[in-house]
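*Asks:* here are the coordinates; sequence isn't available:
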């Protein structure tokens, strides 16, 4: 029955028009970035390499598909949470607003099964969105610009990653990025349990992300203790795979904190949803 | 062995400071069309929501099919089909897709043939692939019934199923409920604020008001259904009263503007009509109503 409930949830997501907004938005945004880079990418690359040109000699095609993939991911990974929350924040509250939650809750499914089926379907949707972003960022970029070595500018300087050494980093980076986005999906589903209108949880999710990002970027001692515990601090952990050497300790720490967020949020959601009076 | 399907004892529920239910008790027997009667806001929907585990009771016991709902929720809900208030489906899906979705999690093995047969049963076969956005309230109500019956439940719970329907829709739903009870032996719990509806369909009932169950039993026993309150509109009310004083066995309830209201048995109405005419009175109209309304209002007002 639980499997059927998950299938149902995915059917609902797949047939809801708003679910395709994310795919369309990613396609358009990546399209715009790649078009701009194709036309005027060398100027953009010039800003990055300008500081190093006196000490380094750049050879070959720096403006390649791998660099474009990295740039696209860096630019879009902060916008994808909104696209995810747009769907996952609606999973419970949208049904409560529509009244169908009442009908669903009278079926012989436990409340936990209802919630977890939505969580699994939301997680699968998140994965598909990320997969599409990956395809657009890497697949289309490589098709348009061709492969090449990857230049990454980070706080320590410029990292040059050979073409053959890049794909596994993208794959691993996507894994951590998926954990970040799944945390967002879980947060919005949890908020969705507390609301009977579909917009509230979406707005609240974005507000929390903005607040945590602000706390994370404010360099004041009062937030020093909480900053490492905020999930937003670890949302950029995917970039660590593009350092040399890779700081696996930091990545493991980020992954654990993200998983802890998912478990705690899901626990709160289950506790509340099991006791919730379905009145709407 | 008791043939009770539903046993509710001492059910209470409060929303904050508002006490929605105080010690509600009733029992539904196998094969009953059980009327759950009460004015708007009486606590009918709250009781039904507790029955379907949509909300939890503060205290009291509730057993369905001989099992406590608290510990056997899943087994119980597999045997129940319901409409709570209005059936709210996924508007962006077709009627067929909606039924498939609810059928899939009903606990029964529902085939496409079952879905088609049920759509045919409620007269929606021609609109099976249309999205629900364009459905009328009556069509949604019929689809709600299809959803409630799809997994062939033993107990059907219908909360105000005729609300918002046109007269033909009301007749159709009532016929369908009677058909389910008489031909398929289903047990039906039907909540309504309409006295006439309960009177027509139910064989047993509980009357509820302000969260309290006021009376429970067979509809006929509770209402003495043969006894009527009959109003004769005559040309001279004062004369009619004077004449009726000669007949102390007739209970006169009211005279207002030449409208004389009597409490008599159904069989006595033609004879009373003839007698009044034989005494020289002109009868312009005769209206009758069952004592149900009086009984209900008396209970509720008390």
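*Replies:* Structure received. The structure presented is a predicted model; accordingly, all values stated were derived computationally and were not measured. Residues are numbered from 1 along each chain as shown, chains lettered A, B, ... in the order given.
*Asks:* Now do the strands for the stretch 51-200 of chain B: every range, in order, please.
*Replies:* B:59-64, B:67-68, B:80-83, B:155-159, B:187-192 (DSSP state E, counting those that start in this stretch).
*Asks:* which one of those strands lies closest to chain A?
*Replies:* strand B:80-83 (5.4 Å; CB to the nearest CB). In this view, the C-beta of every residue, glycine as well, is placed from N, C-alpha and C.
*Asks:* Now that closest one: average pLDDT?
*Replies:* Regarding strand B:80-83, the rounded mean pLDDT is 92.
*Asks:* Now do the contacts for residue 78.
*Replies:* No chain specified, so I'll use chain A. residue A:235 (CB atoms under 8 Å, 6 or more residues apart in numbering or on different chains).
*Asks:* Sorry, I should have been clearer: chain B.
*Replies:* A:108, B:106-108, B:151, B:153.
*Asks:* now with 10 Å?
*Replies:* A:1, A:107-108, B:65, B:72, B:106-108, B:151, B:153-154 (CB atoms under 10 Å, 6 or more residues apart in numbering or on different chains).
*Asks:* Can you give me the distance of the residue in chain B positioned nearest to chain A to residue B:274?
*Replies:* Nearest residue of chain B to chain A: residue B:88, at 2.6 Å (CB to the nearest CB). Between residue B:88 and residue B:274 the computed distance is 55 Å (CB to CB, to the nearest Å).
*Asks:* Please compare these two by neighbour count and tell me which comes out ahead.
*Replies:* The neighbour count for residue B:88 versus residue B:274, taken as other CB atoms under 10 Å in any protein chain shown, is higher for residue B:88 (21 against 11).
*Asks:* wouldn't the more buried one be in contact with residue A:100 here?
*Replies:* Yes - here residue B:88 reaches residue A:100: they are 5.1 Å apart, a contact under CB atoms under 10 Å.
*Asks:* What number of residues are in the vicinity of residue B:144?
*Replies:* 25.
*Asks:* Give me the spatial nearest neighbour of it, chain neighbours excluded.
*Replies:* Once flanking residues are discounted, residue B:144 sits nearest to residue B:87: 2.7 Å by CB to CB, 6 or more residues apart in numbering or on different chains.
*Asks:* what does residue A:23 give?
*Replies:* Using CB to CB, 6+ apart, the closest residue to residue A:23 is residue A:132 (5.5 Å).
*Asks:* Which helix or which strand is home to that neighbour?
*Replies:* Using DSSP states H and E, residue A:132 maps to helix A:111-134.
*Asks:* Distance from that helix to the middle of the chain?
*Replies:* Mean-position distance between helix A:111-134 and its chain equals 12 Å (CA atoms, centre = their mean, to the nearest Å).
*Asks:* Pull out the buried residues from it.
*Replies:* A:111, A:113-126, A:128-130, A:132-134 (16 or more other CB atoms under 10 Å in any protein chain shown).
*Asks:* quick one: low-confidence parts of chain B?
*Replies:* Applying pLDDT under 70 to chain B picks out residues B:1-2, B:224-227, B:290-295, B:298, B:300, B:302.
*Asks:* quick one, helices of it?
*Replies:* Applying DSSP state H to chain B gives helices spanning B:44-51, B:73-78, B:95-104, B:112-121, B:137-149, B:167-182, B:195-201, B:219-223, B:237-244, B:269-278, B:292-301.
*Asks:* Could you tell me which residues of the stretch 151-280 of chain A lie near chain B?
*Replies:* By CB under 10 Å from any CB of the partner chain, the part of the stretch 151-280 of chain A that sits against chain B consists of A:274-280.
*Asks:* Could you identify the least confident member of those residues?
*Replies:* Within those, lowest confidence goes to residue A:280 (68).
*Asks:* and the stretch 1-150 of chain A, which residues reach chain B?
*Replies:* Counting by CB under 10 Å from any CB, the stretch 1-150 of chain A sits next to chain B at A:1-5, A:7-9, A:11-12, A:15-18, A:94-95, A:97-111, A:113-114, A:117.
*Asks:* 8 Å instead, please
*Replies:* A:1, A:4-5, A:7-8, A:11-12, A:15-17, A:98-100, A:102-110 (CB under 8 Å from any CB of the partner chain).
*Asks:* can you map out the helices along chain A?
*Replies:* Going by DSSP H, chain A shows helices at A:2-15, A:19-49, A:65-76, A:80-88, A:93-98, A:100-105, A:111-134, A:141-145, A:167-193, A:199-217, A:248-275.
*Asks:* circling back to that earlier point, please produce a markdown table containing the contacts of residue B:78, extended by neighbour count and distance to residue B:45.
*Replies:* Shown next, in a markdown table, are those (neighbours: other CB atoms under 10 Å in any protein chain shown; distance: CB to CB, whole Å):
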| residue | neighbour count | distance to residue B:45 |
| --- | --- | --- |
| A:1 | 17 | 27 |
| A:107 | 26 | 19 |
| A:108 | 20 | 21 |
| B:65 | 18 | 22 |
| B:72 | 15 | 23 |
| B:106 | 25 | 22 |
| B:107 | 19 | 24 |
| B:108 | 16 | 26 |
| B:151 | 22 | 23 |
| B:153 | 21 | 20 |
| B:154 | 16 | 22 |
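*Asks:* Excluding covalently adjacent residues, which one is nearest to whichever residue of chain A sits closest to chain B?
*Replies:* Taking CB to the nearest CB, chain B has its nearest neighbour within chain A at residue A:99, 2.6 Å off. Using CB to CB, 6+ apart and skipping the chain neighbours, the partner closest in space to residue A:99 is residue B:88 (2.6 Å).
*Asks:* For the one you found, give its distance to residue A:234.
*Replies:* For residue B:88 relative to residue A:234 (CB to CB), the value is 39 Å.
*Asks:* swap in residue A:12?
*Replies:* 30 Å.
*Asks:* out of those two, which sits in the more crowded spot?
*Replies:* Neighbours were counted for residue A:12 and for residue A:234 using other CB under 10 Å; residue A:234 has more, 25 against 21.
*Asks:* Nearest spatial neighbour of the more buried one, chain-adjacent residues omitted?
*Replies:* Nearest non-adjacent residue to residue A:234 (CB to CB, 6+ apart): residue A:254, at 3.7 Å.
*Asks:* Now for that neighbour: which residues touch it?
*Replies:* Counting by CB under 8 Å, 6+ apart, residue A:254 has contacts A:176, A:234, A:237, A:240.
*Asks:* rerun that using 7 Å as the cut-off
*Replies:* Residue A:254 makes contacts with A:176, A:234, A:237, as judged by CB atoms under 7 Å, 6 or more residues apart in numbering or on different chains.
*Asks:* Using pLDDT, spot the least trustworthy of these.
*Replies:* residue A:237 (88).
*Asks:* What distance do you get for it to residue A:253?
*Replies:* 8 Å.
*Asks:* Likewise for residue B:242?
*Replies:* 101 Å.
*Asks:* These two: which has the busier surroundings?
*Replies:* Each of residue B:242 and residue A:253 has its neighbours counted (other CB under 10 Å); residue A:253 has more, 14 against 11.
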